[in-house]
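[1] Provide a 3D model corresponding to the input given below.
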Amino acid sequence: MKKQPEISVITVNYNGLKDTERLIESLTEHFSAAYELIVVDNGSVRNEAALLQNQFPFIQTIRSEQNLGFAAGNNLGIRQASGGYLLFLNNDTFVQDGNLSCLVREMQQKPQLGAVSPKIIFADEKGGIQFAGYTPLTRITLRNQLIGYREQDAGQYDQPRPTPYLHGAAMLVRREVIDAAGLMPEIYFLYYEELDWSLQIRRAGYALEYNPSATVYHRESSSTGPDSPLKAFYMTRNRLLLARRNLGRVERLLSIVYQLCVSVPKKLFQSVVRRRWDLGKATIRGCLAYFIMESN
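    Numbers count the residues shown, from 1 in each chain. Here you go, the predicted structure:
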């Protein structure tokens with residue numbers, strides 16, 4: 001009888017074959033825990049699920065003919081996963097050691113700890129830390145900071161700490177937490193879904209933690225680009241959605257007014273100064289899309 005894996009590793013691939021290959025190769029080389037690896041091919045132009053399955057026969061693949069978004073893609077993986085712990089990794093991440101299994105041991109010692117994110121390091125020419133925890137979102141502006149962002153890693157964030165939110169590039173979640181808090185919210189499609197999910201998990205009574213026992217390396221924005229109209233659209237729309245879904249009535253109203261009267265005009269001004277008309281149009285479309293959703 002096949003032994004049930006302790007960890008189900010889930011990654012979503014969208015026209016990212018080379019990145020996904022590197023992730024799988026790094027896990028194969030370094031990760032020795034009992035795990036299954038599920039790759040969700042989320043509407044890639046080619047059937048990259050078939051290509052990956054042929055190259056790595058030991059993995060499980062799911063092929064969606066259309067791009068369902070980050071959360072829905074991960075939810076496909078969740079439904080197929082059999083592990084007691086689910087490890088979500090962006091397909092443009094990789095590991096250089098086997099320490100991800102240390103996160104499971106940490107969670108086994110802390111029953112109320114529902115999910116953790118490891119230390120995340122940028123894998124680009126600038127390098128530095130991407131994630132060593134989050135600060136809380138401000139209630140009206142919905143702004144926060146990544147702790148340690150772009151700092152060189154000199155061990156200054158080598159102690160676990162509570163974090164209000166997980167980082168979507170790398171997060172380990174107990175199966176029972178998903179049963180209690182629900183699947184990832186699919187309404188966002190891209191960006192902010194892990195913040196909303198973190199809030200759901202905390203409301204279900206579980207704690208979240210940044211834990212540097214493991215390190216993941218991240219080539220950020222391989223799918224969308226760091227400064228793309230796609231990102232501008234979803235960041236604009238989804239910040240408004242986050243306010244609608246998670247704030248009380250007065251704070252929700254104040255936050256939406258702030259986004260529309262301060263944040264959006266600022267972004268439009270910046271797009272004009274930079275002559276990035278595409279970003280300005282995407283920002284406006286994001287606002288319109290939010291109000292269309294509100295009216296339905």
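
[2] tell me what the top strand by length along the chain is packed against?
    For the chain, the strand that runs over the most residues, judged by DSSP state E, is strand 207-218. On a contact count with 3 or more C-beta pairs under 8 Å, 6 or more residues apart in numbering; DSSP states H and E, strand 207-218 meets strand 93-94, helix 100-108, strand 113-122, strand 161-162, helix 193-203. All C-beta spots, glycine's among them, are computed from the backbone N, C-alpha and C.

[3] Quick one: name whatever helix or strand follows that strand.
    Next along the chain after strand 207-218, taking DSSP states H and E as the criterion, comes helix 229-246.

[4] avg pLDDT for the one helix or strand Glu36 maps to?
    Counting by DSSP H and E, the element that carries Glu36 is strand 35-42. Averaging pLDDT along strand 35-42 yields 97.

[5] again, but for stretch 47-61
    Mean predicted confidence for stretch 47-61 is 97.

[6] buried residues in it?
    48-49, 51-53, 56, 59-61 (16 or more other C-beta atoms under 10 Å).

[7] so can I have TSV of those showing distance to Gln152?
    Shown next, in TSV, are these (distance: C-beta to C-beta, whole Å):
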residue	distance to Gln152
Glu48	35
Ala49	38
Leu51	37
Leu52	34
Gln53	39
Phe56	34
Ile59	34
Gln60	38
Thr61	37
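
[8] Tabulate the residues you listed (JSON lines), appending secondary structure and distance to Leu103.
    Shown next, in JSON lines, are those (DSSP: H, G, I helix; E, B strand; the rest coil; distance: C-beta to C-beta, whole Å):
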{"residue": "Glu48", "secondary structure": "helix", "distance to Leu103": "28"}
{"residue": "Ala49", "secondary structure": "helix", "distance to Leu103": "27"}
{"residue": "Leu51", "secondary structure": "helix", "distance to Leu103": "30"}
{"residue": "Leu52", "secondary structure": "helix", "distance to Leu103": "25"}
{"residue": "Gln53", "secondary structure": "helix", "distance to Leu103": "27"}
{"residue": "Phe56", "secondary structure": "coil", "distance to Leu103": "23"}
{"residue": "Ile59", "secondary structure": "coil", "distance to Leu103": "21"}
{"residue": "Gln60", "secondary structure": "strand", "distance to Leu103": "21"}
{"residue": "Thr61", "secondary structure": "strand", "distance to Leu103": "25"}
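
[9] Out of those, which comes closest to Gln108?
    Gln60 (24.8 Å; C-beta to C-beta).

[10] hang on, Tyr149 packs against Tyr134?
    No: if you go by C-beta atoms under 8 Å, Tyr149 and Tyr134 don't touch, sitting 10.2 Å apart.

[11] Of these two, give the one with the bigger neighbour count.
    Higher neighbour count among Tyr149 and Tyr134: Tyr134, with 21 against 12, using other C-beta atoms under 10 Å.

[12] pLDDT wise, what is the more buried one at?
    98.

[13] Dig out what it forms beta bridges with.
    Leu146 (DSSP bridges).

[14] hang on, it packs against Ile147?
    Yes: using C-beta under 8 Å, Tyr134 makes contact with Ile147 at a distance of 6.6 Å.

[15] Find the residues that touch each one of the two.
    Tyr210 (C-beta atoms under 8 Å, 6 or more residues apart in numbering).

[16] can you pull the buried residues of the host helix or strand of Val272?
    Val272 belongs to helix 264-273 when assigned by DSSP H and E. Across helix 264-273, burial judged by 16+ other C-beta under 10 Å covers 264, 267, 271.
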